[in-house]
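Enquirer: turn this into a model:
(2 chains)
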Amino acid sequence: MDRQMLLNEINYLLFVAVLAVTFLSCAAYVVFFVTQRNQLRKTARMLLLVSWCLQSGYILSRYLSIGHTPITTYHEAVFFFAWAATSAYLSFRWRYTVKNFGTFVSLLIFALLIVSALTSRQVIPLEPALRSWWLPVHAGISLIAYGFLGLAFCGALMYLLQERELKSRKLGYFFTRLPSLDSLDQLNSHCLAVGFSFLTVGMIAGILWSKQAWGTYWRWNVKEVCSLLIWFIYLVQIHQRFTVGWRGRRAALMIVAGFAVVLVTLWVVLT
Amino acid sequence: MMSAKHISLIGVNHKSTPLEVREKISLIGGYEDALARLRKYRLPEYYLLSTCNRVELIWVSDDPGETTSDMLGFLFGDTVEPEHWDGYSYVFHDGNAVNHLFRVSSSLDSLVVGEAQILGQIKEAYRYASRHGCTGPLLNKLLHKSFSVAKRVRSETGIGSAAVSISSAAVELARKIFGSLAGKKVLLIGAGEMAELAAEHLLGQGVESICVANRTLSRAVDLAARFKGGACSLEELKSQMETVDIIISSTGASGLIIQSGEVRPLMRIRRNRPLFFIDIAVPRDLDPALNEIENVFLYDIDDLSQVVEMNRSEREKEAVKAGRIVDEETLKFVKWQEGLTVTPTITALRRKADRICSQEIERTLAKMELSAADRKKIEFLARSITAKMLHDPMQFLKSDSCRKGEDAKIDMVRTVFGLENDDETN
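Expert: Residues are numbered from 1 along each chain as shown, chains lettered A, B, ... in the order given. Have a look, this model is predicted:
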């Protein structure tokens, strides 16, 4: 019992630390966006890396405390979502940079963490039927997919802002601060491709798990229908991109719409 | 106390002097000839800059008043009556001269504030001066400093970042649409000076090819040869638009030559790759409705002028920030120059030795348990070692050759003992 209390204590402290560090990183990114001082960007990136470590620590400590991967309650899922977005961003950042992308992504991560902070941190015991290693595989992979789709969402917002400035021919605040349309479009394509791959694998895992837990592959409940809808929305986008070179404003709007459905689904499924 | 040596600067520029006068003054014989003529004034150090917008002369002397009139005489020669000299030129001494040079190198004094050319010109002028042995420790330091100030201004302010000409604005926009311009194709419709300028600018940014379309094919072929591109007739426009990325139009046609209805179906063939239209013709060549097509961007001459105008006002704001950096660096330089005399150098050297000595004594004694008498002995030992070590450098500084103001020797002592960095950290 002592161990349990200690874990709970560590767990709580880690959560507070994650919130604080992410807030600082986010603030540094926003100030960097306004002032464009390079030193700040380095600080912000370091803070985000620290935040990622703390987030991983939180997930690990919660795993030890409840005995299964912490992605079943709303709080846990949203937190894991934030972790996935952070991981996706850092893995991307490692490969190539897109000017001021970090500012938008850190805002998304912080918003997700705030949502997870506002929901109950209470542990809900898992139904025996759900106790399976399929849980981390299916839910984990799906949330990682959401992380990448979240990045695409940020890229699409940036694209829409930059495109509006260029089309209106009144170059203002965002023109110099945002990267070129082409690099944003490439970023979106990339995130979409990676996100969609994870989404598909996560779906297949879910179907197989359903067979194992409930004896049938597909039950047409709300959760499954929503997931299928999301999968189709992104499938159409990928298809259009590959066949007719769909890009630009309409493609960006579709990414934003797709992500909105993701958020709504997450809400519906987990509450 | 100021060093015995003074830095002075005289010059004429686009603000002080009309072009007719500048034309006569500018160095026709090149730097070598002019520097050779300056030699006979027997100045310890001098340097000369001549560009199409300015001629400036910087020199070091013991008596700025006397040498200034000599230098004005050198600058104007017989071209201008002596009574007009003051009106046409500016004269600065010491800190003001340093400040002016820094302003020039940071492009704050340029006709187009923020243009990058001037720094290269100063570097070239300095290369000539130093190759001919005209510069010494003071001007070497000053000019090197002016390069680093310019670099600092460029990296810390946005003074050189925004495009301030129509063609550079077009390039800036193209980069925001396409990212890298490598591998992009440009179509030039009609030939005009501004269109050619824009095309040249784009070529400088690495576009793959430029194709020229003109009513008279022979003119198109001529122009295409200049850009090492191809030529085509106006009838081929439609098929060309399937492959090119940037279209610059400047024909003398009275009506629109490309309608939005023609371009819309092309976008599917282009697989929605973006298309950037630049219309610099008056009256306009391109249908304004083009801008409503997705992934198509249209800028006409007024839009581009607006971008340029906006960037100009942005630059002026940045210039204020840059001015502050220049002032700060001027103060630093003047402080360094003041240190280039014997007395402050001796003081600084002694202070540094004392500081090191005290630090080391403290560190050693903290680890030992000693009687007060033993402590005294160790302190004495340390102090006498440093004093003995410093004896010869001090004698060197106090010797006659340094007293006379041999800046190079003092500078060497300061560098060897690292006094410069100390002054800044203290």
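Enquirer: for stretch A:235-251, list the C-alpha coordinates in PDB.
Expert: Written as PDB, here are the backbone C-alpha positions of stretch A:235-251 (Å, rounded to 0.1, in the frame of the first residue of the first chain):
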ATOM      1  CA  LEU A 235      -8.500   8.000 -47.200                       C
ATOM      2  CA  VAL A 236     -10.300  10.400 -49.600                       C
ATOM      3  CA  GLN A 237      -7.600  13.000 -49.000                       C
ATOM      4  CA  ILE A 238      -4.700  10.700 -49.600                       C
ATOM      5  CA  HIS A 239      -6.400   9.300 -52.700                       C
ATOM      6  CA  GLN A 240      -7.000  12.800 -54.100                       C
ATOM      7  CA  ARG A 241      -3.500  13.900 -53.400                       C
ATOM      8  CA  PHE A 242      -2.000  10.900 -55.200                       C
ATOM      9  CA  THR A 243      -4.300  10.900 -58.200                       C
ATOM     10  CA  VAL A 244      -5.100  14.500 -59.100                       C
ATOM     11  CA  GLY A 245      -2.500  16.300 -57.000                       C
ATOM     12  CA  TRP A 246      -5.000  17.700 -54.600                       C
ATOM     13  CA  ARG A 247      -3.400  20.500 -52.600                       C
ATOM     14  CA  GLY A 248      -3.800  24.000 -51.500                       C
ATOM     15  CA  ARG A 249      -6.600  25.700 -49.700                       C
ATOM     16  CA  ARG A 250      -9.200  22.900 -50.200                       C
ATOM     17  CA  ALA A 251      -6.800  20.200 -49.000                       C
END
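Enquirer: excluding chain neighbours, give the residue nearest to A:L90 in space.
Expert: Distances taken as C-beta to C-beta, 6 or more residues apart in numbering or on different chains place A:W52 nearest to A:L90, at 6.0 Å, with adjacent residues excluded. (Each C-beta comes from the backbone N, C-alpha and C, glycine too.)
Enquirer: might you list the low-confidence residue ranges for chain A?
Expert: Chain A contains residues with pLDDT under 70 at A:1, A:94-95, A:271.
Enquirer: phi first, then psi, for the residue of chain A found nearest chain B.
Expert: Going by C-beta to the nearest C-beta, chain B is nearest to A:G245 of chain A, at 3.0 Å. With angles defined as degrees, to the nearest 10, A:G245 sits at phi 70, psi 40.
Enquirer: can you pull the contacts of residue 41?
Expert: Let's take chain A. A:A28, A:Y29, A:F32, A:G102 (C-beta atoms under 8 Å, 6 or more residues apart in numbering or on different chains).
Enquirer: could you do chain B instead?
Expert: Per C-beta under 8 Å, 6+ apart, neighbours of B:Y41: B:T67, B:D70, B:M71, B:F74.
Enquirer: restricted to strands, list the residues you listed.
Expert: Judged by DSSP state E, strands contain none of those.
Enquirer: filter those to the buried ones?
Expert: Neighbour-count burial (16 or more other C-beta atoms under 10 Å in any protein chain shown) is assigned, among the contacts of B:Y41, to B:T67, B:M71, B:F74.
Enquirer: write out the residues of chain B neighbouring chain A.
Expert: Residues of chain B lying near chain A by C-beta under 8 Å from any C-beta of the partner chain: B:158, B:161-162, B:173, B:175-180, B:268, B:270-274, B:291, B:294-295, B:297, B:299, B:303, B:306-307, B:310.
Enquirer: report the central residue of chain B.
Expert: B:L119 (3.5 Å; C-alpha atoms, centre = their mean).
Enquirer: now the contacts of B:Y41 as CSV including pLDDT?
Expert: Rendered in CSV, the data for the contacts of B:Y41 read as follows (pLDDT from 0 to 100):
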residue, pLDDT
B:T67, 89
B:D70, 87
B:M71, 89
B:F74, 87
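Enquirer: can the residues you listed go into TSV with extra columns for distance to A:L126?
Expert: What follows is the contacts of B:Y41, written out as TSV (distance: C-beta to C-beta, whole Å):
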residue	distance to A:L126
B:T67	91
B:D70	95
B:M71	90
B:F74	92
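Enquirer: of those, just say which sits nearest to A:I204.
Expert: B:M71 (84.5 Å; C-beta to C-beta).
Enquirer: SS state for the residue lying closest to A:V50 once chain neighbours are set aside?
Expert: Residue nearest to A:V50 in three dimensions, not counting chain neighbours: A:V21, with 5.3 Å by C-beta to C-beta, 6+ apart. Per DSSP: H, G, I helix; E, B strand; the rest coil, the secondary structure class of A:V21 is helix.
Enquirer: contacting residues for A:V21?
Expert: Contacts of A:V21 (C-beta under 8 Å, 6+ apart): A:L47, A:V50, A:S51, A:L54.
Enquirer: any idea how chain B splits into domains?
Expert: Chain B is divided into the following domains under automatic domain parsing: B:6-156, B:166-308, B:345-425.
Enquirer: now distance to A:I141 too, for those domains, in a markdown table please.
Expert: Listed next are the domains of chain B as a markdown table, based on distance: least, C-beta to C-beta, whole Å:
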| stretch | distance to A:I141 |
| --- | --- |
| domain B:6-156 | 44 |
| domain B:166-308 | 31 |
| domain B:345-425 | 54 |
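Enquirer: just to revisit the earlier point, tell me which residues of whatever helix or strand the residue nearest to A:L90 lives in come out buried.
Expert: Per DSSP states H and E, A:W52 falls inside helix A:38-66. For helix A:38-66, the neighbour count (16+ other C-beta under 10 Å) marks A:40-41, A:43-45, A:47-48, A:50-52, A:54-55, A:57-59, A:61-63, A:65-66 as buried.
Enquirer: check which element follows it along the chain.
Expert: Helix A:38-66 is succeeded, C-terminally, by helix A:74-95 (DSSP H and E).
Enquirer: burial count for residue 266?
Expert: In the absence of a named chain, chain A is used. Using other C-beta atoms under 10 Å in any protein chain shown, A:L266 is surrounded by 21 other residues.
Enquirer: I was after chain B.
Expert: By other C-beta under 10 Å, neighbour count at B:L266 equals 15.
Enquirer: now the phi/psi pair for it, please.
Expert: phi -70, psi -30.
Enquirer: that one contacts B:M241, correct?
Expert: Yes - shown here, B:L266 and B:M241 form a contact pair, counting by C-beta atoms under 8 Å, at 5.6 Å.
Enquirer: anything in contact with each of those two?
Expert: With C-beta under 8 Å, 6+ apart, B:L266 and B:M241 have no common neighbours.
Enquirer: for chain A, give me its nearest residue in the stretch 201-350 of chain B.
Expert: For the stretch 201-350 of chain B, C-beta to the nearest C-beta, closest residue to chain A: B:R271, 3.0 Å.
Enquirer: can you pull the pLDDT of that residue?
Expert: In this model, B:R271 is scored at 89, pLDDT.
Enquirer: tell me the contacts of it?
Expert: B:R271 neighbours (C-beta under 8 Å, 6+ apart): A:V244, A:G245.
Enquirer: is it in a helix, a strand, or coil?
Expert: B:R271 ends up coil, using three-state DSSP.
Enquirer: and the one 5 residues further on, by the same measure?
Expert: Judged by three-state DSSP, the three-state class of B:F276 is strand.
Enquirer: hang on, isn't it packed against B:I246?
Expert: Yes - taking C-beta under 8 Å as the definition, B:F276 is a contact partner of B:I246 at 4.7 Å.
Enquirer: those two: which is more packed in?
Expert: Neighbour count, other C-beta under 10 Å: between B:F276 and B:I246, B:I246 has more, with 27 against 23.
Enquirer: wait, that one sits on B:V207?
Expert: Yes - between B:I246 and B:V207 there is a contact at 7.2 Å, judged by C-beta under 8 Å.
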